[in-house]
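A.B. asks: would you be able to build a 3D model of this:
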Amino acid sequence: MTLVKRRITMNSKYTSKARNGAELLVQCLEEQGVKYIFGIPGAKVDTIFDVLADHGPRLILCRHEQNAAFMAGMVGLLTGTPGVCLVTSGPGVTNLTTGLST
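C.D. replies: Next up is the predicted model:
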């Protein structure tokens with residue numbers, strides 16, 4: 001059995017070529033009106049950060065995942081748009097939960 005690597009093609013204002021998951025995620029966030037993403041880069045989300053460097057919502061780097069959650073939550077409350085934070089797996093997610101639960 002062979003595995004086939006597939007890429008999804010979607011219409012976009014950026015390009016009509018085949019797109020990867022990070023590009024699709026950023027496109028979906030833009031379509032939902034997301035203006036800011038708060039986060040900390042890590043191995044599992046580096047491709048998303050690479051796409052955000054070129055286009056998409058403004059990326060604001062935080063020093064701690066809990067702070068990212070607080071800032072994203074406040075943006076959501078003040079603007080009515082989704083508040084988004086992006087962190088890596090493992091300790092990044094566990095640090096994020098404090099900000100999400102308060």
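A.B. asks: so H55 touches V26, yeah?
C.D. replies: Yes - look at H55 against V26 with Cβ atoms under 8 Å: they come within range, at 7.3 Å. In short, each C-beta sits where N, CA and C put it, glycine included.
A.B. asks: from E65, how far off is L78?
C.D. replies: L78 sits 21 Å away from E65, going by Cβ to Cβ, to the nearest Å.
A.B. asks: name the residue in H55 and V26 with the higher neighbour count.
C.D. replies: Each of H55 and V26 has its neighbours counted (other Cβ atoms under 10 Å); V26 has more, 22 against 13.
A.B. asks: helix/strand/coil for the nearest residue to the more buried one once chain neighbours are set aside?
C.D. replies: Spatial nearest neighbour of V26, chain neighbours left out: G56 (4.1 Å); criterion: Cβ to Cβ, 6 or more residues apart in numbering. Counting by DSSP: H, G, I helix; E, B strand; the rest coil, the backbone at G56 sits in coil.
A.B. asks: burial count for G56?
C.D. replies: The number of residues packed near G56 is 20, by other Cβ under 10 Å.
A.B. asks: what do you get for S89?
C.D. replies: S89 has 11 nearby residues by other Cβ under 10 Å.
A.B. asks: close enough to count as contact, it and K44?
C.D. replies: Yes - applying Cβ under 8 Å, one finds S89 in contact with K44, separated by 4.9 Å.
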